[in-house]
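A.B. asks: Need coordinates for the following:
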Amino acid sequence: MQRYEIQIPESVLKWLKKHFNKTQIRNWYKKVKKLEEHPGVYGKPLRRPAAGLWEFRFDRRWRTFMK
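C.D. replies: Numbers count the residues shown, from 1 in each chain. Alright, predicted model coming up:
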């Protein structure tokens, strides 16, 4: 099975630490780890004009975009 590598920019990590509590950060990381193994199951491909990007939702409130 192919495994993907997710790179999180330092600016995103700073933003997470500022706006999320520890439990939310831990749950977000768990979701990201699942995406590394099965991006098609947990992520959603976007259509035009954002074709080529994927998203996943977190806590019904947040969306994360990835290439």
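A.B. asks: which residues of the protein fall in strands?
C.D. replies: 44-45, 54-58, 62-66 (DSSP state E).
A.B. asks: Out of the ones you listed, which is the most enclosed?
C.D. replies: Most buried of the strands of the chain, by mean neighbour count (mean count of other Cβ atoms under 10 Å): strand 54-58, with a mean of 15. For glycine as for every other residue, the C-beta is placed from the backbone atoms N, C-alpha and C.
A.B. asks: so what strands line up beside that one?
C.D. replies: Paired neighbours of strand 54-58 in the sheet (DSSP bridges): strand 44-45 (antiparallel), strand 62-66 (antiparallel).
A.B. asks: mean pLDDT for these: which is lowest?
C.D. replies: Across those, strand 62-66 has the smallest mean pLDDT, namely a mean of 81.
A.B. asks: Can you tell me what sits against it?
C.D. replies: 6, 28, 32, 35, 43, 46, 50, 53-58 (Cβ atoms under 8 Å, 6 or more residues apart in numbering).
A.B. asks: Ok, which of the strands of the chain comes nearest Lys22?
C.D. replies: Nearest of the strands of the chain to Lys22, taken as Cβ to Cβ: strand 54-58 at 14.9 Å.
A.B. asks: hey, which helix is longest across the chain?
C.D. replies: For the chain, the longest helix by residue count, based on DSSP state H, is helix 22-37.
A.B. asks: what sits up against that helix?
C.D. replies: With Cβ under 8 Å, 6+ apart, helix 22-37 has contacts from 1, 3-6, 8, 16-17, 20, 41-43, 56, 58-59, 64, 66.
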